[in-house]
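Participant: Mind folding the following:
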Amino acid sequence: MGKREASKQVLALGAEVQPISPGEIEEKARGLVAQMSLDEKIGQMSGDSSRILGALAMMRGYNMRPIPAGVNERLGIPGIQFSDGPRGVVMNHSTCFPVAMARGATWDVALEERVGDAIGVEVRSLGGNFFAGVCINLLRHPAWGRAQETYGEDPFHLGEMGVALTRGAQRHVMACVKHFACNSIENSRMRVDVRIGERALREMYLPHFRRCVDEGIASVMSAYNKVNGEYCGHNSRLLRGILKDEWGFDGFVMSDFVWGIRDAGAAALGGQDLEMPFRWHFANDLPGLVTSGEVPEEMLDEAVMRLLRQKIRFSQTGEPERYGEHQVASDAHRALAREAAQKSIVLLTNDAVPETGKPLLPLDLTRIERLALVGKLANTPNTGDTGSSQVRPPYVVTPAEGIRAALGGTAALIQDTGGDPRRAADAARAADAVVVVVGYSSKDEGEYVDILGRKSGGDRSSLYLHPEDEALIHTVASANPNTVVVMMGGSAIITERWRGRVPAILMAWYPGMEGGHALADVLFGRVNPSGKLPCVFPRSGDHLPPFDSNADSVVYDYWHGYRKLEKEGLEPAFPFGFGLSYTTFSYANLSLESDTVALDGAICAAVDVTNTGDRAGDEIVQVYISYPEAAVERPVRELKAFARVSTEPGETRRVEFKIPVRRLAYWDEQRNRWWVEPVRHTLHAGPSSIAAELLAADFQITDTR
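Facilitator: Numbers count the residues shown, from 1 in each chain. Here you go, the predicted model:
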């Protein structure tokens with residue numbers, strides 16, 4: 001067998017061959033690199049399309065097919081076949097799951113792993129081998145246009161959800177985590193310089209990336225923005241110093257598309273391994289830079305080794321019997337999308353109404369003859385951004401379609417767009433209850449795209465609902481007190497101008513292709529809502545960090561979200577981790593295995609959670625740590641563990657947690673390392689970050705250094 005045939009046998013993705021050990025992977029990769037010319041090495045480091053043909057293909061429809069990079073027919077090396085994300089596979093007519101922020105509201109890592117598994121199956125079924133949809137950028141401010149693509153504002157929560165998606169997807173394909181690092185402004189993302197201190201960087205903006213690296217993720221995508229004066233795609237401090245050298249990342253770094261690299265030499269020296277999606281800077285400039293000695297060829301060898309290492313590793317990965325176009329948007333995947341949407345919906349308020357003296361939700365169909373459904377979004381497919389994360393499902397169930405199907409003729413449905421306030425009020429008065437659907441769409445937020453002067457997406461201009469939406473709520477609530485408001489959007493919405501006018505509010509996010517069915521399931525009590533907020537909903541934008549969507553330079557400090565509000569003693573409208581249920585829960589008997597813990601040990605805690613209502617329901621138990629004796633300023637409390645538990649009425653579950661002490665470290669800027677203080681700490685357990693609802697127990701960390 002010749003070398004080319006041997007390479008094909010090793011690298012044919014999905015081939016049924018014997019697993020290869022890490023040592024064999026290294027040996028085979030080095031053997032291939034040794035056979036390559038300089039041009040072939042650079043070919044591995046570049047997208048396969050020319051700029052002109054690639055740009056035309058993207059304008060016809062972004063990522064309709066896998067985007068190839070690094071095909072080498074002479075040596076039989078297959079290319080990376082790229083598919084974007086994160087709410088599903090952007091190719092073809094794939095399953096559209098709820099956006100990542102909605103899935104963050106499930107706090108369900110097992111569910112997210114199943115979503116990742118389904119996405120991996122669909123990528124492979126459509127000819128891909130690489131999923132670039134593990135987006136875990138920290139939500140610093142809810143006006144960020146691409147907030148919907150990430151899971152929330154807390155680094156620990158982000159890491160656990162990102163790792164779950166990675167685990168599921170990497171059963172089938174290479175996965176990529178993005179955008180490294182400090183990417184949380186959209187409009188000026190190509191130029192903004194994020195100025196940040198080492199402690200804020202290490203504790204707030206990097207831990208979730210480290211978590212995915214430790215899980216074995218194949219690739220990391222660098223961000224467009226600068227960090228401390230250097231473009232992320234050229235940033236040797238981030239890419240070489242921290243990611244590769246300090247963290248031991250053995251996968252490859254990929255540029256964000258088109259403008260992720262500005263200078264071939266700076267990018268190669270900085271640690272960039274793959275330029276996507278075109279042959280451009282690397283293909284044009286690296287040959288001369290290597291010949292002149294400005295870029296050592298050994299650096300190219302390292303980059304190609306990283307790429308081949310993952311290609312060979314994932315040639316042994318997959319479940320071929322599960323692949324095929326019949327798996328794309330299959331019944332099972334559509335059911336999974338519906339489950340994810342059901343679990344993501346957050347019940348924010350549910351007050352009693354005078355007519356019954358009971359909470360308005362769930363709506364009792366035995367008491368409703370006419371239901372009014374008001375708002376233009378009620379009958380609009382609204383799955384989120386139309387940029388690079390857009391999924392094109394075979395259908396989208398709107399709220400109107402889901403509610404109509406759930407009613408099944410048991411009650412009349414009165415629909416109104418809300419465009420005429422007088423007509424909307426008449427519809428509300430004629431009904432026994434009203435559902436108002438309001439919020440945002442891709443016109444208001446999303447990836448900022450400017451093609452030939454045609455602009456879309458971008459950062460939000462306001463954290464409030466549109467004025468016409470707020471006016472509609474007031475109009476309808478005045479006409480009928482039995483009004484439910486359903487909000488759609490990618491992150492926090494300020495509700496202070498109208499919240500007191502309605503008894504019930506649901507946050508539905510962008511709920512995916514099955515969102516209308518899931519919403520109806522919750523409204524009518526077929527499903528007990530269990531979502532909890534992955535980001536704080538403030539009372540005022542003044543309670544948040546500054547946000548300038550057109551900034552050329554910004555300063556990111558340590559404080560944002562619930563950490564900032566708690567530090568400043570500000571009460572949110574709805575706190576981080578908050579969400580109501582149709583049942584109730586109580587917490588008791590918080591205990592620690594020991595009240596002293598060694599530096600190399602773990603805090604073992606347990607708490608009783610009892611379903612005190614008359615419905616089965618899921619509760620998300622959250623554990624926070626505070627640092628009353630810290631020598632440096634630290635958050636009032638911060639999330640360090642969580643678990644989702646299912647309970648029957650009257651059932652008590654003993655929920656146990658094991659938290660490694662190293663998870664409590666802060667970045668000591670004097671020592672230039674992580675540091676755990678051997679002092680008293682406090683563990684808090686409860687249903688949200690609200691201090692009054694948390695049980696507490698102290699423990700002492702003992703110094704064994």
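
Participant: Which residue ranges of the stretch 201-350 of the chain form strands?
Facilitator: 219-222, 226-227, 230-231, 252-254, 278-279, 346-350 (DSSP state E, counting those that start in this stretch).

Participant: For the residue minimising distance to the centre of the chain, list the residues it contacts.
Facilitator: Most central in the chain under C-alpha atoms, centre = their mean is Thr150, positioned 2.7 Å from the mean C-alpha point. Thr150 makes contact with 100-101, 104, 135-139, 158, according to C-beta atoms under 8 Å, 6 or more residues apart in numbering. No exception for glycine: its C-beta is placed from N, CA and C like everyone else's.

Participant: Wasn't His157 part of a helix?
Facilitator: Yes: secondary structure assignment (DSSP: H, G, I helix; E, B strand; the rest coil) places His157 inside a helix.

Participant: For it, grab the count of nearby residues.
Facilitator: Neighbour count of His157, defined by other C-beta atoms under 10 Å: 23.

Participant: if I pick it, what's in contact with it?
Facilitator: Contacts of His157 by C-beta under 8 Å, 6+ apart are 104, 107, 151, 534, 639, 642.

Participant: Quick check: which ranges of this structure have low pLDDT?
Facilitator: Applying pLDDT under 70 to the chain picks out residues 1-18, 451-454, 704-705.

Participant: care to break it down by domain?
Facilitator: 333-535, 585-702 (automatic domain parsing).

Participant: between those domains, which one is nearest to Gln170?
Facilitator: Closest approach to Gln170 among the domains of the chain is made by domain 333-535 (17.8 Å; C-beta to C-beta).

Participant: circling back: of the contacts of His157, which belong to strands?
Facilitator: Using DSSP state E, the subset of those located in strands is 639, 642.

Participant: quick one: buried residues of stretch 296-316?
Facilitator: 299-300, 302-316 (16 or more other C-beta atoms under 10 Å).

Participant: sorry, back to before: could you look over the domains of the chain and pick the most buried one?
Facilitator: For these, the largest average neighbour count (mean count of other C-beta atoms under 10 Å) is found in domain 333-535, namely a mean of 20.

Participant: next one: that one to chain centre, how far?
Facilitator: 21 Å (C-alpha atoms, centre = their mean, to the nearest Å).

Participant: Distance across it, terminal residue to terminal residue?
Facilitator: 27 Å (C-alpha to C-alpha, to the nearest Å).

Participant: And for Phe131, the neighbour number?
Facilitator: 30.

Participant: Kindly reformat the contacts of His157 as CSV containing distance to Ala630.
Facilitator: Output for the contacts of His157, formatted as CSV (distance: C-beta to C-beta, whole Å):
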residue, distance to Ala630
Gly104, 28
Trp107, 27
Tyr151, 27
Pro534, 26
Leu639, 17
Phe642, 23
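
Participant: check contacts around the closest residue in space to Glu325 that isn't next to it in sequence.
Facilitator: Computed as C-beta to C-beta, 6 or more residues apart in numbering, the closest residue to Glu325 that is not its neighbour in sequence is Ser125, at 5.8 Å. Applying C-beta under 8 Å, 6+ apart to Ser125 gives the contacts 323-325, 327-328.

Participant: Of those residues, keep whichever come out buried.
Facilitator: 323, 327-328.

Participant: Thank you, goodbye.
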